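K.L.:
Let's see this in three dimensions:
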Amino acid sequence: MEPSAGVNVIFGENGHGKTSLLEGIWLFTGCRSFRCADAGEMIMQGEEKADLRAGFVSNGREQQARIEIAGRRSLTLNGFAQETPRRMLGVFPAVAFTPDTLSLAKGGPGERRRFLDVALSMLTPAYAVRLSKYLKALAQRNALLRQANPSGELLDTWDLSLAGEAAGILKARKGYLEELIPRAREFYRRISAGREELEIIPYVTGAEEATPEAYLAAFTRTRQNDLRRQTTTVGPHRDDLLLRLDGRSLRDFGSQGQKRSAALALKLAEAAALGEIAQEAPAALLDDVLSELDARRQADLLKYLEGWQVFLTCCEPSHTLHGRAGKVFCVKDGAVVL
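P.N.:
Sure thing, here's the model as predicted:
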């Protein structure tokens, strides 16, 4: 498949593989699938492995990558085997708009944390390493809290380990949100034609300051409560983004249209921030998103992504390009047919 540098429309009947094609492109970002947690689920039924290959331009040069999935994922980048597919983080950035994008506005805090963590991992691969270390230390601390008489000395050790990683995570998130929030509010203002103002408030648990000392004090302060509840109750794993319209919770009081608009605004802001910070526009993957929007909002969304490489799926391609340069591909029975 040789896509256009502009808009690429991927159409076909449901169940024929349109989303699988976008999922394959997404895997080259170095992130996990946006629709399943188990790598084995991505292997075609009856096959022993999956084999994905892509050529792309990034960091001013042509590059080649290959991902093989056989129970686990392995990566070859420009002819050299890599220790982990996460080495693609920052090499091929992309932003995925899927039907689950709406969960940013209507889902729980975990959806919004993942939204931040995925973008930050693509911008700064070291962030993904820090987050992994934090989650491993968190699992160890929680396991200790579940013991009958946990060692205070061991808890001190895990508190110290967690505090350092937590401070780095909060610092990175704060810096990214300084770029993201103004863009998201502006996109929402445009989408709503100026009728409403979206308010985005970072909710931080434990420590407002991004320092190990602040988090260490927080873990010490909440230890007795953590022992009773047998889990760590503060830290980046409990943080959230609060979304409000006119001072009221968007999740509790917003209409479906308002939630959809807010979610799109956040994803558009993510795309814009990634492009600005990385100085290279990421690919935009739109999986069955246009069907959720009326004709005006469809045109507006593509206008916001003007100059980007866009891959979008739909069942009916008529008028989808809205006069823009691009290509149309048909997917049938798991294959791209010309």
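K.L.:
how about residue 10, secondary structure?
P.N.:
Classification of residue 10 using DSSP: H, G, I helix; E, B strand; the rest coil returns strand.
K.L.:
Kindly provide the distance from it to residue 216.
P.N.:
Separation of residue 10 from residue 216 (Cβ to Cβ, to the nearest Å): 50 Å. Where C-beta positions appear, they are placed from N, C-alpha and C, glycine not excepted.
K.L.:
Look at the two and report which has more neighbours.
P.N.:
residue 10 (26 against 20; other Cβ atoms under 10 Å).
K.L.:
For that one, list each beta-bridge partner.
P.N.:
The partner list for residue 10 in beta bridges (DSSP bridges) reads residue 313, residue 329.
K.L.:
What distance do you get for the closest residue to residue 169 other than its chain neighbours to residue 168?
P.N.:
In space, residue 169 comes closest to residue 236 once its chain neighbours are excluded; the distance is 4.4 Å by Cβ to Cβ, 6 or more residues apart in numbering. Going from residue 236 to residue 168 by Cβ to Cβ gives 9 Å.
K.L.:
These two: who's more crowded?
P.N.:
Remark: of residue 236 and residue 168, residue 236 carries more neighbours, 27 against 20, as counted by other Cβ under 10 Å.
K.L.:
helix or strand right after the helix or strand in which residue 182 is found?
P.N.:
Using DSSP states H and E, residue 182 falls within helix 152-191. Reading on from helix 152-191 to the C-terminus, the next helix or strand found by DSSP H and E is strand 198-203.
K.L.:
SS state for residue 41?
P.N.:
helix.
K.L.:
Can you tell me the closest non-neighbouring residue to it?
P.N.:
Computed as Cβ to Cβ, 6+ apart, the closest residue to residue 41 that is not its neighbour in sequence is residue 33, at 8.0 Å.
K.L.:
ok, residue 249 - contacts?
P.N.:
By Cβ atoms under 8 Å, 6 or more residues apart in numbering, the contact set of residue 249 is 242-243.
K.L.:
Run the angle between the helix or strand of the chain with the lowest mean pLDDT and helix 152-191 for me.
P.N.:
Within the chain, no helix or strand scores below helix 295-304, which has a mean of 78 by mean pLDDT, DSSP states H and E. Angle, helix 295-304 to helix 152-191, by axes from the mean of the first three to the mean of the last three Cα atoms, to 10 degrees: 110 degrees.
K.L.:
tell me what helix 295-304 is packed against?
P.N.:
Secondary-structure packing of helix 295-304 (3 or more Cβ pairs under 8 Å, 6 or more residues apart in numbering; DSSP states H and E): helix 152-191, helix 256-278.
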